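Student: Here is a sequence together with a model predicted from it:
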Amino acid sequence: MVLYKLEDFEPSYRDSFDGQDIKGLGVYTQGTDEKVGTVSDVLVDEEGHFRYLVVDLGFWIFGKKVLLPIGRSRIDYNVDRVYTVGLTREQAEDLPEFNERQALDYDYEERVRGVYRQPTDSTLPVDSLAPLAATAPVDTTYQQPIAPAPDYNRDNYTYENEPALFGLNEQDHQTLKLYEERLVAGKRRQKTGEVSIGKHIETDTARVAVPIERERVVIERITPADAGTVVSGREADFREGEVARIELHEEVADVRKEAVLREEVRVRKVVDQETVETQETVRREELDVNTSGLPVEER
């Protein structure tokens, strides 16, 4: 199993911790609150899971760096501290020194894990060794399970074999996720109706005035000025059946129909834009902290 330094594995790891850096945090014993040293680095596996904290034991053992399995730590960013779960000074002295220039192989890790598998004092919570309790004998001095001899080897070992060392203790690393609802504005196109445009024929009575001429005969009887004058027999031509014929004409209205272009209708669509405001009730979870008089610092 290959281990990487956190910054080598993910150079921008601080972005995942809101700018906070675990490196440089002070390491203290849980319970006695004694400073052990400082976190100088973090080792992660191929998937980026925290496996060890590299602790500089400058306050206990000058110049010595050791590995602290992540399951034996409790990180408290509220006070910028890392608390060791069940680490004693004797164990720290027994731990092999961490040297960056040396390869971290299975044998070296087994030496480290072997120290942490040893029984410790009562500062180690029993539930951190719960996975071993069902099969391990109990040390009556501390009322804690004693880890049995491991039945795994370099070929089948995984960190999941020992959750007491590499599993995050849910009691020490609790997280509450607060959710909220938000409005996501979108739009969809829907049919609001249909406009049908066609044409039909209507009939109407049209009237037009046409002036016409009509001939008629006017008969006038007048007395000539020389009435009573005696005419000669030659001028007096008495003839029977003499007829004057006059043709009469009149105009009649000649009405016909013809089709003409009256108007042109153009049909098109235009898009009107407007802003529609809508509102909805959204929910948001807020944190309720019941301190019961205990000192709590919220960041």
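Tutor: Cool, the structure landed.
Student: What's the local residue count around the nearest residue to A253 once chain neighbours are set aside?
Tutor: In space, and not counting its chain neighbours, A253 is closest to V210: 4.2 Å by Cβ to Cβ, 6 or more residues apart in numbering. For glycine as for every other residue, the C-beta is placed from the backbone atoms N, C-alpha and C. Using other Cβ atoms under 10 Å, the number of residues around V210 comes to 9.
Student: which element is V210 on?
Tutor: For V210, there is no enclosing helix or strand under DSSP states H and E.
Student: Please apply the same query to D41.
Tutor: strand 35-44.
Student: chain center to that strand: distance?
Tutor: From the chain centre to the centre of strand 35-44 is a distance of 38 Å (Cα atoms, centre = their mean, to the nearest Å).
Student: Check which helices and strands that strand sits against.
Tutor: Counting contacts by 3 or more Cβ pairs under 8 Å, 6 or more residues apart in numbering; DSSP states H and E, strand 35-44 is packed against strand 4-5, helix 6-9, strand 26-29, strand 50-56.
Student: out of the ones you listed, which comes closest to D41?
Tutor: Ranking the helices and strands packed on strand 35-44 by proximity to D41 (Cβ to Cβ) places strand 50-56 first, at 4.0 Å.
Student: burial measure for S73, as a count.
Tutor: 25.
Student: give me the beta-bridge partners of it?
Tutor: With DSSP bridges as the criterion, S73 is bridged to T84.
Student: got a list of what it touches?
Tutor: The neighbours of S73, taking Cβ atoms under 8 Å, 6 or more residues apart in numbering as the test, are 53, 82-85.
Student: can you do 10 Å?
Tutor: Neighbouring residues of S73 by Cβ atoms under 10 Å, 6 or more residues apart in numbering: 22, 27, 30, 39, 50, 52-53, 55, 82-85, 87, 168-169, 172-173.
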